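Student: could you work out the structure for the sequence below:
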Amino acid sequence: MPAYMIIACRIHDREAFVSGYGQAVPPLVEKFGGEYIVVAPGADLLEGTLQGYGSIAISKWPDKAAAKRFWQSDEYAEVKQMRQGLADAEVLLVEAD
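Tutor: Numbering: from 1, shown residues only. Have a look, this model is predicted:
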């Protein structure tokens, strides 16, 4: 069953985020079998507590296991350090038909 990783970010330094982390992650997502279906700033919060988390990324995966292999990989752990101090993130993983 396909899985979707939904990430909401509050980015503190967009230029540094995009030029570093934003360039390094897509090849890893692809390597682990995922594909981005949405990457966009400017989300409007209609309800809830994620005020300021206006940058959204949604990736599609063959299943939850594939997404978790990416998320828990040594390669991603190294790249994930690039966003420290540049952005706060909320990350969800859900299966859907």
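Student: quick check, residue 76 in contact with residue 70.
Tutor: Yes: Residue 76 sits in contact with residue 70 when judged by C-beta atoms under 8 Å, with a separation of 5.8 Å. All C-beta spots, glycine's among them, are computed from the backbone N, C-alpha and C.
Student: out of these two, which sits in the busier spot?
Tutor: Remark: of residue 76 and residue 70, residue 70 carries more neighbours, 21 against 18, as counted by other C-beta atoms under 10 Å.
Student: residues contacting that one?
Tutor: By C-beta atoms under 8 Å, 6 or more residues apart in numbering, residue 70 lies in contact with 28-29, 31-34, 61, 76.
Student: what about 10 Å?
Tutor: 5, 25, 28-34, 59, 61, 76 (C-beta atoms under 10 Å, 6 or more residues apart in numbering).
Student: count the residues that sit near residue 64.
Tutor: Using other C-beta under 10 Å, the number of residues around residue 64 comes to 17.
Student: pretty sure it is touching residue 72, no?
Tutor: No: contact between residue 64 and residue 72 fails when scored by C-beta atoms under 10 Å: they sit 11.7 Å apart.
Student: of the contacts of residue 70, grab the buried ones for PyMOL.
Tutor: Burial among the contacts of residue 70 is assessed by 16 or more other C-beta atoms under 10 Å; the matching PyMOL selection reads:
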select buried, resi 5+25+28+29+32+33+34+59+61+76
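Student: so what does the biggest helix by length in the chain touch, helix or strand wise?
Tutor: Identified as the longest helix of the chain according to DSSP state H is helix 21-31. Contact analysis of helix 21-31 by 3 or more C-beta pairs under 10 Å, 6 or more residues apart in numbering; DSSP states H and E lists strand 3-11, helix 14-19, strand 35-40, strand 55-61, helix 64-71, helix 74-80 as its packing neighbours.
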